[in-house]
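Enquirer: Build me a model:
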Amino acid sequence: MIKNNELINNILFSNVNDLVSFKLFLFIIIAFLFSVAIDVVLGELPGKIHPVVMMGNVISFFKKHLIQFRTRLSGFGLVFTTSITTSVLLLIIYLIIKNNLILLFLIFSILLSSTFSIKMLLQTAIDVRDDLNTDIDKARQSVSYLVSRNTDELTESFIVSAVIESLTENITDSYVAPVFYYFIFALIVLFWPVSFHVYLLLLVPVLYRLSNTQDAMLGYTTDELIKIGYCPAKIDDILNYIPSRIAGLCVVVSAFLLGLDWKQSFNVMMRDARNCPSPNSGYTMATTAGALNIQLIKKDTYILGDNNKDIDADDITKAVNLSKLSIILFTLFIIILFTLIYVIL
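Expert: As a prediction, this is how the structure comes out:
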């Protein structure tokens with residue numbers, strides 16, 4: 001009789017645990033897809049309420065106080081203080097909304113969508129292409145918002161190169177990396193349940209976006225930033241190491257599916273990806289250069305690909321299509337892989 005009772009209890013509790021796990025699995029997938037839809041359809045949130053803008057304000061606040069120490073430890077202090085501040089603010093939001101499932105789902109999805117940027121990434125490149133087809137001076141002005149180099153006298157080919165470089169480099173940190181870390185931690189909360197799992201599930205991509213924003217604001221070798229920016233830049237390099245290589249392979253597969261030169265895409269990636277100062281940015285830029293049979297050039301910094309054809313505005317269109325398909329392929333890959341692991345384990 002005791003054995004029968006134990007068996008019944010085990011079955012009941014097992015079913016309860018399985019049900020909770022399945023609900024969490026559905027939440028992870030549906031909230032992610034909804035967040036992607038938000039970004040693709042609506043684009044960026046208004047600047048006044050955009051989490052990344054708020055992160056920038058937090059970074060600027062701590063930078064003002066820590067930069068005076070002029071040591072690499074100041075960069076570590078900035079990473080620590082901004083991470084704690086961001087985590088606390090996100091926790092407050094979570095505690096306010098956690099008891100209302102609909103509100104939790106909506107806010108979770110909106111905040112998750114702010115950690116990546118698909119629509120703006122693609123549309124910005126298209127806008128510069130359109131400007132280039134009408135007024136080169138306008139195109140120079142537009143591309144100046146995307147790259148740090150001086151664009152006042154760039155020729156058409158260098159404008160096109162700068163646009164494609166910016167577009168393809170940002171495939172990793174504007175989409176692949178935050179989604180990668182979202183699903184990595186999703187596996188952890190599914191199989192090793194922890195308290196506040198929904199909060200932590202959102203915190204991981206948010207902290208990635210914080211790290212990427214710190215690198216974008218501070219990761220330069222100027223006299224002012226070389227010390228405080230060292231730690232944020234290195235952390236960003238570490239976090240992007242795996243996602244950048246996954247993104248590069250997605251570009252190669254996309255080149256194959258689009259009928260582009262996928263073999264050259266792979267070969268140029270293996271040959272030129274490390275030509276860039278960053279250990280990660282070259283993997284998507286080099287694969288794109290190879291796929292389009294063009295050279296991407298940043299003067300005195302790097303040359304990616306072979307000069308097999310003259311580069312022109314049409315190459316921006318091809319690069320946009322290549323980037324778009326790479327994002328779609330990665331999305332399908334990560335969802336399918338996540339689902340298979342969940343089902344098997």
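Enquirer: CA atoms for contacts and neighbours, from now on please.
Expert: Will do.
Enquirer: ok, and what's touching stretch 123-140?
Expert: 142-143, 151-154, 156, 159-160, 163-164, 167, 313, 316-317, 320 (CA atoms under 8 Å, 6 or more residues apart in numbering).
Enquirer: Which of these sits closest to residue 81?
Expert: residue 167 (30.9 Å; CA to CA).
Enquirer: which residues does the closest one contact?
Expert: Contacts of residue 167 by CA under 8 Å, 6+ apart are 121-122, 125, 319-320, 323.
Enquirer: I'd like those written out as a markdown table, with secondary structure added.
Expert: Formatted as a markdown table, the contacts of residue 167 follow (DSSP: H, G, I helix; E, B strand; the rest coil):
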| residue | secondary structure |
| --- | --- |
| 121 | helix |
| 122 | helix |
| 125 | helix |
| 319 | helix |
| 320 | helix |
| 323 | helix |
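Enquirer: quick one: which of these is most hemmed in?
Expert: residue 323 (28 neighbours; other CA atoms under 10 Å).
Enquirer: Surely it and residue 171 touch.
Expert: Yes: assessed by CA atoms under 8 Å, residue 323 is found in contact with residue 171 at 7.0 Å.
Enquirer: okay, and the common contacts of those two?
Expert: Joint contacts of residue 323 and residue 171 (CA under 8 Å, 6+ apart) do not exist.
Enquirer: in the helix or strand harbouring residue 159, what's buried?
Expert: According to DSSP states H and E, residue 159 maps onto helix 156-171. Buried residues in helix 156-171, counted by 16 or more other CA atoms under 10 Å: 156-171.
Enquirer: Quickly check those for the two that are furthest apart.
Expert: 156 and 171 (23.0 Å).
Enquirer: So for residue 329, what's the nearest residue that isn't a sequence neighbour?
Expert: Spatial nearest neighbour of residue 329, chain neighbours left out: residue 250 (6.6 Å); criterion: CA to CA, 6 or more residues apart in numbering.
Enquirer: Next, the angle from the helix or strand harbouring the one you found to helix 156-171.
Expert: Using DSSP H and E, residue 250 falls within helix 230-257. Per axes from the mean of the first three to the mean of the last three CA atoms, to 10 degrees, the angle that helix 230-257 makes with helix 156-171 is 100 degrees.
Enquirer: Moving C-terminal from helix 230-257, which element do we reach first?
Expert: helix 262-272.
Enquirer: following that next one, which helix or strand shows up next?
Expert: With DSSP H and E, the next secondary element past helix 262-272 is helix 282-292.
Enquirer: So what touches that following helix?
Expert: For helix 282-292, the surrounding residues in contact (CA under 8 Å, 6+ apart) are 164-165, 168-169, 171-172, 244-245, 247-248, 251-252, 255, 260-269, 272-276, 295-296, 304-306, 315, 318-319, 322.
Enquirer: before we move on, what about stretch 257-264?
Expert: 252-256, 287, 290-293, 322.
Enquirer: By neighbours, which of the residues you listed wins?
Expert: residue 287 (34 neighbours).
Enquirer: Which pLDDT value does the model give that residue?
Expert: Note for residue 287: predicted pLDDT of 98.
Enquirer: Check which residues of stretch 32-43 are buried.
Expert: For stretch 32-43, a neighbour-count test (16+ other CA under 10 Å) marks 32, 34-40, 43 as buried.
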